[in-house]
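>>> Next one to model:
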Amino acid sequence: MTRKLTYLNYLKQDLLPTQWCPGCGNGIVLKLACQSLEELNFPKKGTVVVSGIGCAGRSAGFFNLDSVHTAHGRAIPVAEGIKLANEKLNVIVISGDGDLLGIGGNHLLHASRRNTDISIICIANAIYGMTGGQYSPTTELGSKTLTTPSGNTDTPIDVQALIKAHNCFYARSTTYHLKHAMKCMVEALKHRGLSFAEIKTQCITNDGRRRGFKNGYEMLMYYKDNYKINNNSNELKHNEIGIVG
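The predicted structure is shown next:
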């Protein structure tokens with residue numbers, strides 16, 4: 001008999017609906033992550049989800065398995081500690097670009113250097129959405145935010161280059177490209193060693209409207225029109241999505 005795949009098996013359904021804003025992409029990533037766990041039949045008692053602080057950091061609390069909500073920027077070292085304590089566990093980090101690449105950037109650098117066997121799903125909305133809309137490490141050049149009202153002049157971090165510098169797994173997708181995003185997560189979860197799946201995600205409340213988008217749908221259409229799948233390259237260009245692990 002074929003096993004029925006559903007994301008609900010890995011969710012604390014009594015906590016639904018989530019508290020994220022209408023149009024936010026975090027719920028999409030949460031569902032895709034649960035579907036990926038179901039696809040791979042990860043055991044609940046053998047899997048741990050770790051998150052940091054921020055809108056995306058709330059994800060860990062919705063999983064119906066062991067989870068840890070850590071201090072700001074500390075999700076990766078906590079995940080490494082869990083993996084080192086029990087190497088049989090599947091250890092997954094789910095957090096935002098500000099948490100993982102800002103205050104947590106130093107930990108990501110050294111975790112990739114060590115190639116620790118953890119999977120990282122980065123919900124990259126290019127903004128500090130929870131605290132009002134300050135620019136983040138992945139905010140695009142020229143983007144208007146609360147702290148860059150005239151347009152961001154700082155080059156966004158090239159996380160692909162950081163991860164690939166240590167020959168770790170890297171994948172990138174968006175919340176519009178659902179099947180592709182799930183494939184990126186599944187491959188990241190299957191990978192032995194450090195894996196990093198960056199999912200471009202929309203924040204309409206504290207980012208999109210400031211940049212002229214009317215709703216979350218328009219931001220999804222932006223991903224559709226501007227991000228193209230590239231399955232035949234060892235390096236993704238700025239607006240390309242794919243797996244290079």
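>>> Low-confidence regions, the chain specifically.
Applying pLDDT under 70 to the chain flags residues 1-5.
>>> the helices in it, which residues?
Secondary structure of the chain, counting by DSSP state H: helices at 26-40, 75-85, 97, 105-114, 159-164, 178-190, 216-226.
>>> These: which one's closest to Gln202?
With C-beta to C-beta as the criterion, Gln202 lies closest to helix 216-226 of the helices of the chain, at 3.7 Å. All C-beta spots, glycine's among them, are computed from the backbone N, C-alpha and C.
>>> I'd like the distance from the closest one to the chain centre, please.
Helix 216-226 has its C-alpha centroid displaced from the chain centroid by 18 Å (C-alpha atoms, centre = their mean, to the nearest Å).
>>> got the angle for it vs helix 26-40?
Between the direction of helix 216-226 and that of helix 26-40, the angle (axes from the mean of the first three to the mean of the last three C-alpha atoms, to 10 degrees) works out to 60 degrees.
>>> What lies in contact with helix 216-226?
Contacts made with helix 216-226 from outside it, assessed by C-beta atoms under 8 Å, 6 or more residues apart in numbering, are listed as 22-25, 174-177, 200, 202, 204, 208, 213, 239.
>>> Quick check, Leu101 in contact with Gln160.
No: at 11.6 Å, Leu101 and Gln160 do not qualify as touching, with contact defined as C-beta atoms under 8 Å.
>>> what about the two, which has more around it?
Neighbour tally, Leu101 and Gln160, criterion other C-beta atoms under 10 Å: the higher count belongs to Leu101, 23 against 18.
>>> Next, find the distance separating the more buried one from Arg192.
Distance check for Leu101 against Arg192: by C-beta to C-beta, to the nearest Å, it reads 23 Å.
>>> What segments of this structure are strands?
Counting by DSSP state E, residue ranges of the strands within the chain are 47-51, 66-69, 90-96, 119-124, 127-128, 134-135, 169-174, 195-200, 228-229, 240-243.
>>> Could you dump those strands into JSON lines and include mean neighbour count and distance to Pro156?
Output for the strands of the chain, formatted as JSON lines (neighbours: other C-beta atoms under 10 Å; distance: least, C-beta to C-beta, whole Å):
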{"stretch": "strand 47-51", "mean neighbour count": "25", "distance to Pro156": "22"}
{"stretch": "strand 66-69", "mean neighbour count": "18", "distance to Pro156": "27"}
{"stretch": "strand 90-96", "mean neighbour count": "28", "distance to Pro156": "14"}
{"stretch": "strand 119-124", "mean neighbour count": "28", "distance to Pro156": "10"}
{"stretch": "strand 127-128", "mean neighbour count": "28", "distance to Pro156": "12"}
{"stretch": "strand 134-135", "mean neighbour count": "20", "distance to Pro156": "9"}
{"stretch": "strand 169-174", "mean neighbour count": "26", "distance to Pro156": "13"}
{"stretch": "strand 195-200", "mean neighbour count": "28", "distance to Pro156": "12"}
{"stretch": "strand 228-229", "mean neighbour count": "13", "distance to Pro156": "19"}
{"stretch": "strand 240-243", "mean neighbour count": "21", "distance to Pro156": "15"}
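>>> Please list all residues in contact with the spatially closest residue to Leu30 that is not a sequence neighbour.
Beyond its immediate neighbours in the sequence, the residue positioned closest to Leu30 (C-beta to C-beta, 6 or more residues apart in numbering) is Ser59, lying 5.4 Å away. Contacts of Ser59 were listed using C-beta under 8 Å, 6+ apart, and they are Asn26, Val29, Leu30, Ala33, Val49, Ser51, Ile94, Ser95, Ile123.
>>> what's the farthest-apart pair in those residues?
Maximum distance among those (C-beta to C-beta): 13.9 Å, for Asn26 and Val49.
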